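J.: Provided below are the primary sequence and the corresponding predicted coordinates.
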Amino acid sequence: MQLFLFLSEILKQEIYDSRDCLVGRLKDISIRLTDEVYPKAMGLIIERGFLKKQYASVSISDLVVAQQKFKLLLPAERVHFQDQRIKFDFTLCQDILDQQLVDIHNRKVVRVNDVHLLRVDNQMFIAHVDVGLRGLVRRLGWSGLSSRVRLI
């Protein structure tokens, strides 16, 4: 079981139901903002369709990750899709990725390239954001090339 995940590596991951039928692909992750040190992931936003996209939200507790496969604990019939993207107070792709961060002294501004997620039991937490070149390379899907070339 992988303890840490990068958002860039799991976005667009295929998600299957309890009968191993394809439900859709991971589009985003909704987060609950509280006073906790590590914000907790609450739900998955699943996308299906090519030209006519549909979206569904599933609780993170209904997800099992085994051998790099994302599987829901419920059948596809219980996943309700709609034509409009579901609105949440806070999601990783819309509210974190590519956003500018300012340090505590309002001096340094950096762009978020990736999000590092921590998996504990059947839950996910935001561990930290990646603002470095490795995060950008990983997000662009060039991590295999960069490890062979040793540029980073």
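T.: Structure's in. What do you need?
J.: Just the helices from this structure, written as ranges.
T.: 7-10, 92-95, 133-139, 143-149 (DSSP state H).
J.: low-scoring stretches of the chain, by residue?
T.: Scanning the chain for pLDDT under 70 picks out the ranges 1-2, 142-152.
J.: Residue most distant from the centroid, it?
T.: What lies farthest from the middle of the chain is residue 105; by C-alpha atoms, centre = their mean that is 29.3 Å.
J.: what sits against that one?
T.: Listed by C-beta atoms under 8 Å, 6 or more residues apart in numbering, residue 105 has no contact partners. Glycine gets a C-beta too; all of them are placed from N, C-alpha and C.
J.: ok, it to residue 28 distance?
T.: As judged by C-beta to C-beta, to the nearest Å, residue 105 and residue 28 stand 31 Å apart.
J.: longest strand of this structure?
T.: The residue-count maximum for a strand in the chain (DSSP state E) belongs to strand 22-32.
J.: what sits up against that strand?
T.: Contacts of strand 22-32 (C-beta under 8 Å, 6+ apart): 7, 10-17, 39-48, 54-57, 60, 70, 72, 76, 79, 81, 88-95, 117, 124, 126.
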